[in-house]
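>>> with the input below, show me the fold.
(one chain, ligands or ions: 1)
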Amino acid sequence: MNLTNVTAFVNGEVKRYDLRQLYHIHRTYEVKRQRIQKLAKKPKTSKKLLEKYSKRERNRAKDFMHKLTAQIVRELKDNNCGAIFEDLKGIKDNVLNGSKEMNRKLSKWSARTFQFMLEYKLKWLGLDVRFVDPKNSSKTCPLCSGCMVAYEGRLMKCENCTLVIDRDVVAVLNLRVWGAGFPPKALDEPEREELSRNENSKYLHIPT
Ligand SMILES: [Zn+2]
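Take a look at the predicted model:
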């Protein structure tokens, strides 16, 4: 999730859900707040106004997110899918790629709220929910596990196999694979042996 869209990988297809309306809501209230702070002569009145607008902003944002999460959950339910999320606990701000302080706070708040709504709606329907550590999820090549570096705009390029691909798409492909139990990096020989002895790892398929 970033400021303008949610990227997902559903049934073998990359999907993008537009968040520009959500961003617009926050921008609108940010401008309102700045105007109030500039004009404020009576601190008590402006404080009340600011509280009122903050409440309204949150309600409008939540309303938007409720509608979008309901739509996504319907899609997942139709495909009988659960969901794999990036684990946002202790996440570094740069993963949410907001450029300014305000944007970072917003995207963090939005991402957590959005994820929380999706999680409980999915669980309510009995669908599986998993969390994956998103560390390096947009820097690891989904084809060869090579290191990906920033290319043009939102694109990333693999230093090993030269794959060029959108960074959000890299992340969802990796989350899909890692969430299914595959390790983030290619295994070395002792690790392969160790894993092949582990009968409980039903999600692992180790190429020989
Ligand atoms: Zn690669």
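>>> partner residues bridging Leu155?
Going by DSSP bridges, Leu155 is paired in beta bridges with Asp166.
>>> wait, doesn't it sit right on Asp168?
No: taking contacts as C-beta atoms under 8 Å, Leu155 lies outside contact range of Asp168: 10.4 Å. Placement of C-beta: from N, CA and C, glycine included.
>>> more neighbours: these two, which one.
Residue environment comparison for Leu155 versus Asp168 gives the larger neighbour count to Asp168, 21 against 14, counting by other C-beta atoms under 10 Å.
>>> list the contacts for that one?
For Asp168, the contacting residues are 2, 5, 7, 16, 138, 154, taking C-beta atoms under 8 Å, 6 or more residues apart in numbering as the criterion.
>>> if you rank those by neighbours, which is first?
Counting neighbours by other C-beta under 10 Å, the one among these with the most is Ser138, which has 24 neighbours.
>>> name the element that residue belongs to?
Counting by DSSP states H and E, Ser138 is held by no secondary-structure element, helix or strand.
>>> quick one, phi psi at it?
In this entry, Ser138 is assigned phi and psi values of phi -100, psi 10 (degrees, to the nearest 10).
>>> and the closest residue to Ala111 other than its chain neighbours, how far from Asp18?
Nearest residue to Ala111, sequence neighbours excluded (C-beta to C-beta, 6 or more residues apart in numbering): Met1, at 4.6 Å. Relative to Asp18, Met1 is positioned 12 Å away (C-beta to C-beta, to the nearest Å).
>>> and those two? Which one has more around it.
The residue with the greater number of neighbours, taking Met1 and Asp18 and applying other C-beta under 10 Å, is Met1; the counts read 24 against 11.
>>> pLDDT score for that one?
Predicted confidence (pLDDT) at Met1: the value is 84.
>>> so it is in contact with Arg112, correct?
No: here Met1 does not reach Arg112: they are 9.6 Å apart, not a contact under C-beta under 8 Å.
>>> flag the shaky bits of the protein, pLDDT-wise.
Low-confidence regions of the chain, defined by pLDDT under 70, span residues 40, 90-107, 183-189, 191-208.
>>> Leu68: how many residues sit nearby?
Leu68 is flanked by 19 other residues according to other C-beta under 10 Å.
>>> with the one 4 residues further on instead?
The burial count assigned to Ile72 is 21, neighbours taken as other C-beta under 10 Å.
>>> OK, contacts around it?
Under the criterion of C-beta under 8 Å, 6+ apart, the neighbours of Ile72 are 6, 8, 17, 118.
>>> tell me if the third one really is in a strand.
This points to Tyr17. Yes: when classified by DSSP: H, G, I helix; E, B strand; the rest coil, Tyr17 is found to be part of a strand.
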